[in-house]
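**Q** No letters, just coordinates:
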């Protein structure tokens, strides 16, 4: 079993999580392919290697091409339920969303079982 431990003493954002996953092997083409299965449009996904204060990593940007409506938890669950993918990947999306959103802003340390998140080939 592979486990990722995020010690986010000052918080973490979704693009930072995606960058960290890409640094350990998640392929951007795989990520883009899975994003295309969502019933949403009007965004671009890019990634590039960056270095800041002698720390290197992958910077993932998801930029909007058009205005998006606000989503609440019910909207997000509906989007995930309608994704044209395996039940496994739908569960992964729910796990990530619920795991991250359930932590208070004062305590951002949590861990994920990577076998539930990364594709089997990594």
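**A** Everything's here; your move. Quantities reported herein were computed from a predicted structural model and do not represent experimental measurements.
**Q** all contacts plus neighbour counts: C-alpha atoms, from now on.
**A** Will do.
**Q** residues touching the residue nearest the centre of the chain, list them.
**A** By C-alpha atoms, centre = their mean, the chain has its centre lying nearest to residue 18, at 4.8 Å. Taking C-alpha atoms under 8 Å, 6 or more residues apart in numbering, we find residue 18 in contact with residue 60.
**Q** how much space is there between it and residue 42?
**A** 19 Å (C-alpha to C-alpha, to the nearest Å).
**Q** Kindly report the same for residue 9.
**A** Distance of residue 9 to residue 42, computed by C-alpha to C-alpha: 33 Å.
**Q** One more: residue 12?
**A** 24 Å.
**Q** So which of the two has more stuff around it?
**A** Neighbour totals were compared for residue 12 and residue 42, and residue 12 leads with 15 against 10 (other C-alpha atoms under 10 Å).
**Q** From residue 89, how far out is that one?
**A** Residue 12 sits 22 Å away from residue 89, going by C-alpha to C-alpha.
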